[in-house]
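1. Sequence and predicted model, in that order:
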Amino acid sequence: MSQRIAVIGAGKMGEALLSGMLRAGKQPGDLMATVRRAERAKLLRERYGIEIVTNAEAAKSADTLILAVKPQDMEVLLDELSPYVSANQLIVSVAAGITTGFIERRLTEGVPVVRVMSNTPVLVDEAMSAISPGAHAAEEHLRRTEEIFKPVGKTIRVPESQQDAVTALSGSGPAYFYYLVEAMTDAGLLLGLPRAVAHELVVQTAIGAAVMMRDSGEHPVILREAVTSPAGTTAVAVKELENHSVRAALIAALEAARNRSRELASGHE
Ligand SMILES: NC(=O)C1=CN([C@@H]2O[C@H](COP(=O)(O)OP(=O)(O)OC[C@H]3O[C@@H](n4cnc5c(N)ncnc54)[C@H](O)[C@@H]3O)[C@@H](O)[C@H]2O)C=CC1
Ligand SMILES: O=C(O)[C@@H]1CCC=N1
């Protein structure tokens, strides 16, 4: 019998993981999910053919529980799960800020817990997922976690002390790129381009730049230099970005996100 995996709190992130596991070859019978609302249960059942169960049922029968509720809902959820969870199950948490220690303290002694920070490109198999073991997680548990996340993108192992920085960088990261696309599209409009044209230009440029960064292995400075002609258009544009402290703004934004991730944890201790 193959390992059964339950997604506890199948919202945006949980659903993305369910669909990724199905695309990667898991059978609907290997998966189950829990949700709060009946309409959501119906939708997930119809869309994926998986069983929607209660949290207690999932905790009793699944080998791996993926906790995908908001950090603020984690404490109540763990109280609900703890009577049923045993040390031969694996708990994988994708919640921002919540430490493995926080989870371990609320469950039976010895339960292996793995913390993962992934991101929404899980939906297109291009996620970046950073994985950290808790006190009782062994190599086998990290491998089982990687089996879930590798088919939907890249995985990396990091010490848990780095997870707040990871959350700021790659967890929230897609939002910064979307923000940039939004701002560039608006700028295109200001320059007189129709919105649809500006949008298409910006999105394809983002894809082209991203693929070049991934496939060439070149440092971004080298790639930027190749675009920047002497006394040309790019040089004056980058000068304006520097004048407006865009680099400093990014550092401040990431520091704020890292600090918020820390707060999400401490708010629960
Ligand atoms: N959205 C994102 O880009 C990322 C989110 N995360 C983390 O993933 C987690 C989920 O985030 P989203 O999917 O965006 O939130 P969401 O609100 O879409 O999903 C959470 C789901 O959990 C359900 N839920 C809450 N308490 C429950 C309970 N006791 N039993 C069963 N279901 C319950 C809610 O009804 C909701 O459907 C968060 O902890 C977040 O920090 C991590 C990386 C990226
Ligand atoms: O904004 C958040 O708190 C979550 C965690 C990383 C991305 N989204």
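-> Arrived safely. Numbering: from 1, shown residues only. Ligands and ions are numbered 1, 2, ... in the order given.
2. Where does the stretch 151-269 of the chain get nearest to ligand 2, residue-wise?
-> The minimum distance from the stretch 151-269 of the chain to ligand 2, using Cβ to the nearest ligand atom, falls at residue 171 (3.3 Å). Where you see a C-beta, it was placed from the backbone N, CA and C, and this is true even at glycine.
3. the helices in this structure, which residues?
-> Using DSSP state H, the helices of the chain run over 12-23, 38-48, 55-61, 74-81, 100-105, 139-149, 163-166, 173-190, 195-216, 220-227, 233-243, 246-266.
4. closest to residue 124 out of the ones you listed?
-> Residue 124 lies closest to helix 12-23 among the helices of the chain, at 9.4 Å (Cβ to Cβ).
5. List the buried residues for the closest one?
-> Residues 13, 14, 15, 16, 17, 18, 19, 20, 21, 22 are the ones in helix 12-23 that count as buried (16 or more other Cβ atoms under 10 Å).
6. One more: stretch 42-56?
-> For stretch 42-56, burial by neighbour count (16+ other Cβ under 10 Å) applies to 44, 48, 50, 51, 52, 53, 55.
7. swap in stretch 75-91?
-> Neighbour-count burial for stretch 75-91 [16+ other Cβ under 10 Å]: 77, 78, 81, 84, 85, 89, 90, 91.
8. and the residue in the chain positioned nearest to ligand 1, how many residues sit next to it?
-> Using Cβ to the nearest ligand atom, the closest approach of the chain to ligand 1 is made by residue 11 at 1.8 Å. Applying other Cβ atoms under 10 Å, we find 14 residues neighbouring residue 11.
9. mind listing what it touches?
-> Residue 11 makes contact with 35, 68, 69, 70, according to Cβ atoms under 8 Å, 6 or more residues apart in numbering.
10. can you rerun that using 10 Å?
-> 35, 36, 40, 68, 69, 70 (Cβ atoms under 10 Å, 6 or more residues apart in numbering).
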